[in-house]
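Peer 1: Give me coordinates for this.
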Amino acid sequence: MSSPDPPAETEPGTSGRDVEQKPNGNTTAGTTMGVDNAGTKKMRVLAVYCVSDEDEDDKGFDPPDASNVLHLAARPDVEVEVLRGPTLDEFAAKVENYTPTFVYVSGPYSGLVDSIKGAIGPITLSGKTVTPGELITALEGAPLETIYLDAAGQEKVAELLRCKGVPNVMFWSEDPSGLVAAHFSSIFFSMLALENHVTLLEAYALSLFSTQAHLGAKVDGKLTMPNMPDLLTGPADDPDGVTLALPDNSSVQPPEVPGLDLSRGVAAVVEGWMDVRLLAPRAELRLQVAGGSSMIDAGRLSYLGEALRALLVIEARQARLVSTSVPERPPSHLQEGCTALRCQVATSSGAIVRVVLGGRPSVLASHQLVEHALRQTLVADALSLQFRLPPPGVPLPLPRASQDVLGGCPVVDALLLTSVWAVAVLRQLAQNLSYRGLVSLGIGSVGGAAVAGSKAADSARLGVIVTGMRGGVLLTEELLANGLPIDGISGSLVAGVPSSNPLAIPADPPIAPHNCGRTPIQEVAEDEFTADLISFLSHRRGRYIDRSKFPDAVLNGMTLDLFSLYKEVVTRGGFRVGNGINWKGQVFARMRNWTANNRQTGVGNSLKKHYANYLWEYEQAHPSDVVVDRCTLCGRGEEAGATDWIACDSCNSWVHFSCDKRPNLGTFDDYANAEQPRSYQCPNCTRAAGRAAGRAAAAERRAAAAAGGGEAAAAAGDEGQAAAVEQAAEPMES
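Peer 2: As a prediction, this is how the structure comes out:
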């Protein structure tokens, strides 16, 4: 078998084993470029594909495309040259003459051991394995910024290259699966090729998350990560390698405003900056993702969601303000002293969306400040994107296939909850033929429209991942009914398996307790809590979090009060209780974000969204924080099996709503409504209130009798008794 050819034609005048050159030009952030004679910065990429005799004899293995490295050639300021099957001398000569800044070396694919997933061997040129010393010598003198060794057994070479001062070295410390290597490298180069300055670290992190989502294997119910390439970056004497760096608000560059020194931060200089708000209504969007029913899994979708959020952040962080206009009718829920501006925005890939920004007139009058505010708020809003699992008891969606979607690769429906502007961006990106971000994540359609950037190599690779078969699989009625087991690749194309989706989906695998030595939640100070939360999230999510910008969420015009939000929820049984908590009446009222004249709608849903984003994982790692109550009516807790927990608004004790048999209570949903909940009093508090009303009525009768008014006393007694009976019979209503 021959090794996979790069998807390009050889230029006239070159041999089939030699050079293809694609000069173009744009800067890939995270790498240093060379400079041509005209002074234009360039990244010069040299891609080398190894061929071995074993490959030539193996006719049974048909691997997907190896790297898609030539996608980089579509960017300005990038040159790409490809060598296929060179000798060691030819390779060294090309390095000397071309002086690459980025070298990619792909080892030979082999299907001898595994004809489905394949394997990649060590670096082999002209049938001989290249030793570390020979490779180092061949690369001598090149101004290397990055080298990607997509071959087996390259750990020693990587260490030597780091010692030689190469800033970025990517390599396999263990023998890689051919399928994992092909998928990872395809995503990596597709992300680097995006025309919005994706850094090396961001492309690496996105590749890890997408590969984990599609190729992670379920072992004993836990999603385990396949063997992945390592990345060493930064100073050569740094032993810790790299920290994952998915983009967030910290990647938004500060604005340049004439006459303002913003070195201390925009909020410290611009009056009214903290009042800026993005008025973004929420919407659902249906995607089709490569995979079977097993793809609709909390673990897999969490990785895919992280990657999709990152793509939106990349689009929003360099968004450009195109035009503005004043709405005919300003939104009713603006803060006092604020106005609104309708903005037309172009994202970094050219998608056009319209959003409404609220804020002080002095801020909205500046084009630069408005553009920066849009970038900050759009990025923050992009991070709220969430996948929705089917409700409990609802069967998982079945896979289906169409030649129009990923070339016939089986796909499954997934429901996404995000903002209207993000839906518009994703729909436009799906129709962009040159955009590779969505297909790299295995997304085949957006809102019913097929992703236009899909290539034949994507269909072949994803088809092997999903079905475990070369050449795809025909989804017959029999297969859909019985399921198609794929052990260790992407789960199985199982049909109709019920989903177990509680109010709060636990992490998969479960989060280990965070033994941080923090003061108990009842006594901890806010500064200590915030520091511990940031430390936990930084480690959990693999990226640095700037405390001065945390959290980047705003509620009711103020920075979100995470400390009070967490304490109020865990003392009411934790996030698992869900709508049993009166989020607006009990939780919000005890947060700094609450104001007496608050008119914001959607507070309950916003609090649940923010809790899921910032605090749910932290709660799972601190189970001792959660106050687990027992029903004051039946005396049982979780073992009762009831999920209709509700807290008394008077004494904060918990009851199963189904245990309260009083008439005229209404339904559980009346009290669980996040926006207009009824106020609930448990039977004990209602009886106590009735007794208090009775005592007050008796005192009133005695006072009336002492005053000599017999008829007035009788009337007062009748009214007081009626009030006591009514209060004892009915729960309080808001």
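
Peer 1: If we ignore the residues flanking it in sequence, what's nearest Glu151?
Peer 2: For the record, residue 151 is Ala, not Glu. Gly107 (2.9 Å; C-beta to C-beta, 6 or more residues apart in numbering). C-beta: built from backbone N, CA, C; applies to glycine.

Peer 1: Counting neighbours, what do you get for that neighbour?
Peer 2: Neighbours of Gly107 under the rule other C-beta atoms under 10 Å: 30.

Peer 1: how about it, what does it touch?
Peer 2: 50, 120-124, 150-152 (C-beta atoms under 8 Å, 6 or more residues apart in numbering).

Peer 1: what about it, distance to Trp172?
Peer 2: Gly107 sits 9 Å away from Trp172, going by C-beta to C-beta, to the nearest Å.

Peer 1: residues shared between the contacts of these two?
Peer 2: 120, 150-152.

Peer 1: Alpha carbons only: can I get the helix or strand Val103 falls within in CSV?
Peer 2: Assessed by DSSP states H and E, Val103 sits inside strand 102-106. Extracted in CSV, the C-alpha atoms of strand 102-106 (Å, rounded to 0.1, in the frame of the first residue of the first chain):
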residue,chain,number,x,y,z
PHE,A,102,7.6,24.7,10.6
VAL,A,103,8.4,21.0,9.7
TYR,A,104,5.8,18.3,9.7
VAL,A,105,7.0,14.7,9.4
SER,A,106,4.4,11.9,8.9
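
Peer 1: pLDDT (mean, whole number) over the next helix or strand after it?
Peer 2: Remark: after strand 102-106, the chain's next helix or strand is strand 109-110, criterion DSSP H and E. Averaged over strand 109-110, pLDDT sits at 74.

Peer 1: Check stretch 349-361 too.
Peer 2: Rounded mean pLDDT across stretch 349-361 is 93.

Peer 1: Tell me the buried residues in it?
Peer 2: 349, 351, 353, 355-360 (16 or more other C-beta atoms under 10 Å).

Peer 1: Just give me the closest of the residues you listed to Arg695.
Peer 2: Nearest to Arg695 among the buried residues of stretch 349-361: Gly358, at 50.7 Å, using C-beta to C-beta.

Peer 1: What residues are bridge-paired with that closest one?
Peer 2: Beta bridges link Gly358 to Arg277, Ala340 when assigned by DSSP bridges.

Peer 1: hang on, it packs against Ala340?
Peer 2: Yes. Counting by C-beta atoms under 8 Å, Gly358 does reach Ala340; the two are 4.9 Å apart.

Peer 1: list the residues that contact both of these two?
Peer 2: 279, 331, 334.

Peer 1: I'd like these as JSON lines, with neighbour count appended.
Peer 2: Output for the shared contacts of Gly358 and Ala340, formatted as JSON lines (neighbours: other C-beta atoms under 10 Å):
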{"residue": "Leu279", "neighbour count": "17"}
{"residue": "Pro331", "neighbour count": "13"}
{"residue": "Leu334", "neighbour count": "19"}
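
Peer 1: want to throw those into a markdown table with pLDDT and distance to Ala707?
Peer 2: Output for these, formatted as a markdown table (pLDDT from 0 to 100; distance: C-beta to C-beta, whole Å):
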| residue | pLDDT | distance to Ala707 |
| --- | --- | --- |
| Leu279 | 89 | 60 |
| Pro331 | 83 | 56 |
| Leu334 | 81 | 54 |
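
Peer 1: Out of these, which sit inside strands?
Peer 2: Leu279 (DSSP state E).

Peer 1: for the shared contacts of Gly358 and Ala340, which one is nearest Gln403?
Peer 2: Closest to Gln403, out of all of the shared contacts of Gly358 and Ala340 and judged by C-beta to C-beta, is Leu279, at 41.1 Å.

Peer 1: contacting residues for the closest one?
Peer 2: 331, 340, 355-358.

Peer 1: about what we covered before: could you check how far the residue nearest to Ala151 is from Phe171?
Peer 2: Per C-beta to C-beta, Gly107 is found 11 Å from Phe171.

Peer 1: Next: Val405.
Peer 2: In terms of C-beta to C-beta, Val405 sits 35 Å off from Phe171.

Peer 1: ditto for Gly121
Peer 2: 14 Å.

Peer 1: ok, those two, which is more surrounded?
Peer 2: Higher neighbour count among Gly121 and Phe171: Phe171, with 24 against 21, using other C-beta under 10 Å.

Peer 1: Show me what the longest helix belonging to the chain is packed up against.
Peer 2: For the chain, the helix with the greatest residue count under DSSP state H is helix 683-706. Secondary-structure packing of helix 683-706 (3 or more C-beta pairs under 8 Å, 6 or more residues apart in numbering; DSSP states H and E): helix 710-729.

Peer 1: Wait, Gly350 touches Val425, no?
Peer 2: No. Between Gly350 and Val425 there is no contact under C-beta under 8 Å: 10.1 Å.

Peer 1: In the sheet, which residues pair with Met43? Tell me.
Peer 2: Following DSSP bridges, Met43 is listed with bridge partners Val78.

Peer 1: One more: Ser445?
Peer 2: With DSSP bridges as the rule, Ser445 is bridged to Gln288, Ala450.

Peer 1: so it touches Val289, yeah?
Peer 2: No. Using C-beta under 8 Å, Ser445 is not in contact with Val289; the gap is 9.1 Å.

Peer 1: who has more neighbours, these two?
Peer 2: Neighbour comparison, Ser445 and Val289: the larger count goes to Val289, with 25 against 21 (by other C-beta under 10 Å).

Peer 1: Sweet, I'm off.
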